[in-house]
Structures are given as C-alpha cells and as structure tokens.
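3D model of this:
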Amino acid sequence: MSNDQIVQADADTGTAFDVHGIEPVPGESRTSGQLDQFWIWAGANVAPINWVLGAIGIQLGLSLVETLTVIVIGNVLGCVLFGAMCVIGHRSGVPQMVLSRLAFGRRGAWLPTFMQVLMPMGWVAINTWIVLDLAVAALDRMGISGGIELKYAIAIAVMLIQVGIATWGFHAIRYFERYTMPFVLAIMVVMTVVAFTHINIHWHVSTAHGIGKYSAMSKLMTAIGIGWGISWLVYASDYTRFTKPALSSRQVFRATSLGMFVPTVWLAFLGASIASAGSGADPAQLIIAVFGAMALPVLLVLVHGPIATNIVVIYSAALATLSLDLRVPRWVVSVVSGVVGLVILYLFLHSGAFASTFEDLMVFFVVWIAPWAGIVLVDFFLVRRARINVAALYCHHSVSECGDVKWSGVAALTLGVVAAWLFQVGSVEALQGPIAMALGGIDLSWLAGLGVGGGSYYLFHLARPAAGSEQTSLADNRSST
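Numbers count the residues shown, from 1 in each chain. Prediction:
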C-alpha cells in the first residue's frame, strides 16, 4: 500500500500522518469538503488580535459606523482576493510557493519563498505572545495566580500543542478545526451577548475630520480591512489543494472566503463596539472583566486562537522550506519552526523594546505580499487563463517550461515592493513612504503594491506577445487544472 493510500484509508478517522510534501496531491487523497475549508479559515481568524485591531478605528477618531463600513468593505475585497487564490490551489493540487514558479521561474521563485520561510516563525511567536497576558488574567479570575513562570508554562503548552498538530499535517489540522470551532463559535456568541449587555455603544461619535479622517480610514483598511485578507494569501493553496476534485471553483471560493470574512468582521466589530463605549484600548480585557464566573470559556477561546492560527502558519512554513529544493522531512521543518518561535517568544517576554522592534520588522516583511499576490493572480487568471502544466513546476530548472529565473516576475515584484513602500505609513521612520506622508498619512501600500506588481507583470507579458502566446499554447495542449 502506498503512502497516499495509507493517508486515504485513515482520512475519515483523522489519525493519518500526512506524508505529503510539496508534490501535487493525487485525486484519491483529496478528501476535504467545503465545511472543512470553512472551519480551517474561520479557526485561523478567531484570534484575540482581531478584537484589538477592530478597536483601531475608534482609537484613530472614527465613529463606530465609519469603522464598521471600512472593515466590511475592506474584508469583502480582501476575501475576494483570498478566495481567488484558494481556487488556484483547488484547480492545481499544488502548494502556494510551488505555484510561484509559474511567474518567477523554477529557481526565481526562491526569492518570495525565502520571505515566506522567515515570516511564519515570527508570526508564531507574536500570535502566542499576544494572548499570554489575557490568559493569565483569565486564570486569575479563576483563582489561579502566577507571574512570569505562569506565562512560561502557558507558552510552552501552547507551543507543544500547535507544533504537534502542524507536524502531524493537514488531516490533523482539519480535524482539530472541525471539532473545536463549533464550540468556540458558541462561546463567542455568548461573549458577544454578554459584552453588548455591559457596554453603552456610541455609533456616531467621531473626532477625526478632513484629511485626518481619510488617513485613519486608510490605516484601518490596511490593518484589518483588505490588508488582513492579503496577509493570508501566501497560505491559501496549501490547504485547498486537498479539496475534493468534484467541488466547483464557486464552492471552494464561497467556503474559504466566508471562513475568512465571518470571524474577522465579527471580532473586529466586537472590539470596535467596546472601544466606542470608551472602555479602554483593550477590549479583550474588558470581556474578561465582565464575564466573571465564565472566565474558563474565555480562557478556552484565548488559548484556541493562537493554536488555530499557528498550526496553519507552521504547516505552510514547512512547505515553503521544501519549495527551496531542500531535502528535509516536513516534520523536521515544523519542529524547527516551533523551536525558533519559542526562542523569539522568550525574548519577547524579557524585552518589550525587542518585541516592539520585531513587530515593526514583521510589518516590513508583509510589504512584499501585495505585489507578489498581484503577480500570481495576473499570471494564473489573465496570462495563462487558469490552465497550467503542473508537471513543469517540478522539472529541473534547465528543462522546465517555467524557466530558471523569470526576470519579468522578479522585476515586477521589485517595482511592486517599491511602490508599496512609497505609499506605506509605518510606525518607524524607515517604513514611512514619502508619497504617503505627502498625502497626509494616507496608507495605500496594499493598493500600490497589488496594482504596480500585477500591472507591470502584465505589461511585461504584453511586451513579449510571441513568447506569451507560445507559453499559453503549450499550457492549453497539456494538462489543465
């Protein structure tokens, strides 16, 4: 019995160790349905950080109505992009960074892939660090007190759980989300009701005016609007490659985009609503305070958040590493990612200055995602018309149809990153783009990066009509996805 058959035989029980690396997932191993995908992405976004990010608009002077409008519009746009990227994984059965070879070349794709290898280790630490104070506060409400030692215990326990699930692989991730998310959402409903019965919401109070209001809206759009959906694009196909071939693109698009949209908008609105009541900058702390005897359910949600998010991140980090043509078992990379994340988390706990600097660095890393996404989406849907030769993605660079380094992709990515930086409003001077500052602090980095990256790539393609036509013809005459 082959490895794929072993995985398929055990798929229904959720006990199979996922032996898949970066090779295309065969049809018999693609057993994930629409609800599986919904739970995976909903779980990844039911995180306390979204409560806090939702309050940003209020803190910047927007009214609750204005904040909610920006959050809804931004997430509609972001989830459309995310759903489109998920469709690529469904049609091809190929991981996200391997698909980058189409636009950047067999080895040219190492550039964005290397960025994807570095980012997850940092996000694992940040996502875990964010909930430690809240978890300690919840335990304190239950009569369990502790200082830094308690934080260490929680951090190690959370890290072991999330690394274990991610190492086990996709099947463990989907079953974890499938069986935990219904309970988490039920708790979230209760938390929302309790919070709304203890606060006095102010819908139309706004202190931002003129250019300051537009600046606040743009920052909110980047933080928890379309920018939030864009930040997840680098992970999309890693999970939809396991979707059932019988599912339509529309079904995959709907399940994944709603899985992203519903919890993100819900939690952001909850955080903004609490902040509108003038109850402080940390809505999560208020929720803990008003729950009283229900601190245990709150603790479960707090701990579940980073685990559900980080298992997605760690698993994708392993696939990205393998996409660099490294001959290392996937589980080894997952364990290493967890260890590095734990070391960074330890440094966070001992240095607030380091934590702040590291978060600024992570914001810088995210700049490349928007132009990269624009290039990948344009290449797949416009240049190749959603038809690719999957086998060419795995051929040696000297004979691959993708080529060795596709300089049009690299050039478009460079232009897109520069454009994104020019329109970025960062918390440190180096990340404050001159155009954004000239516009009064309006952050359009995601739009500039997406538009310039994807647009320039398409113009480069049009400048080579013969090569583009030949490439499309080859794709049409071979395997289509």
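
buried set for the helix or strand Ser337 falls within?
Using DSSP states H and E, Ser337 sits in helix 330-350. Going by neighbour count (16 or more other CB atoms under 10 Å), the buried part of helix 330-350 is 330-331, 333-338, 340-342, 344-345, 348-349. C-beta here means a position set from N, CA and C on the backbone, and glycine is covered the same way.

who touches it?
By CB atoms under 8 Å, 6 or more residues apart in numbering, the surrounding residues in contact with helix 330-350 are 18, 20-21, 120-122, 124-126, 128-129, 132, 148, 151-152, 155-156, 159, 162-163, 166-167, 169, 310, 314-315, 317-319, 321-322, 354-355, 358.

same for the helix or strand encompassing Ala420, what does it pack against?
Assigned by DSSP H and E, Ala420 belongs to helix 407-422. For helix 407-422, the packing partners by 3 or more CB pairs under 8 Å, 6 or more residues apart in numbering; DSSP states H and E come out as helix 101-104, helix 110-141, helix 369-377, helix 434-438, helix 445-462.

packing partners of the last one?
Looking back up the chat, that one is helix 445-462. helix 211-224, helix 226-231, helix 369-377, helix 407-422.

list the contacts of the most centrally placed residue in the chain.
With distances taken as CA atoms, centre = their mean, Trp232 lies nearest the centre of the chain, 2.5 Å away. Counting by CB under 8 Å, 6+ apart, Trp232 touches 41, 44, 82, 260.

tell me who's in contact with the last one.
Shown here is Met260, whose contacts under the criterion CB under 8 Å, 6+ apart are 41-42, 45, 75, 78-79, 82-83, 229, 232.

picking that back up, starting at the chain centroid, how far to the helix holding Ser337?
18 Å (CA atoms, centre = their mean, to the nearest Å).

ok, stretch 243-251 next?
Distance, centroid of stretch 243-251 to centroid of chain: 22 Å (CA atoms, centre = their mean).

stretch 254-270 too?
13 Å.

what mean pLDDT does that stretch have?
Averaging pLDDT along stretch 254-270 gives 94.

for Cys79, which non-adjacent residue is closest in space?
Ser257 (4.0 Å; CB to CB, 6 or more residues apart in numbering).

so the one you found sits against Leu81, correct?
No. Ser257 is beyond contact range of Leu81, at 9.1 Å (criterion: CB atoms under 8 Å).

residues contacting the residue lying closest to Gly455 once chain neighbours are set aside?
Leaving aside its chain neighbours, Gly455 sits nearest to Gly374 (7.3 Å; criterion: CB to CB, 6+ apart). Contact analysis of Gly374 by CB under 8 Å, 6+ apart lists 416, 449-455, 457.

so where's the stretch 201-350 of the chain shaky on pLDDT?
Across the stretch 201-350 of the chain, the ranges flagged by pLDDT under 70 are 279-295.

go with 50
Residue ranges of the stretch 201-350 of the chain with pLDDT under 50: 281, 283.

count of neighbours near the residue nearest to Cys79?
25 (other CB atoms under 10 Å).

and it, how far is that from Val405?
33 Å (CB to CB, to the nearest Å).

related to what we said a few turns ago, farthest pair within the contacts of Gly374?
The largest separation in the contacts of Gly374, counting by CB to CB, is between Gly449 and Tyr457 at 12.1 Å.

ignoring the adjacent residues along the chain, who's closest to Ala125?
Using CB to CB, 6+ apart, the closest residue to Ala125 is Ile344 (3.7 Å).

so what touches the helix holding Ala420?
103-105, 108, 111-112, 367-368, 370-372, 374-375, 379, 431, 433-436, 445-446, 448-454, 456-457, 460-461, 464.

wait, Val328 touches Thr321, no?
Yes. With contact defined as CB under 8 Å, Val328 and Thr321 form a contacting pair (6.9 Å).

report the contact partners of Asp238.
89, 95-96, 315-316, 319.

secondary structure for the residues you listed - can I get that in a markdown table?
Listed next are those as a markdown table, based on DSSP: H, G, I helix; E, B strand; the rest coil:
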| residue | secondary structure |
| --- | --- |
| Gly89 | helix |
| Pro95 | coil |
| Gln96 | helix |
| Tyr315 | helix |
| Ser316 | helix |
| Leu319 | helix |
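
among these, which ones are buried?
Buried, going by 16+ other CB under 10 Å: 89, 95-96, 315-316, 319, out of these.

what about Ala411, how many residues close to it?
Neighbours of Ala411 (other CB under 10 Å): 13.

distance of it relative to Thr128?
For Ala411 relative to Thr128 (CB to CB), the value is 37 Å.
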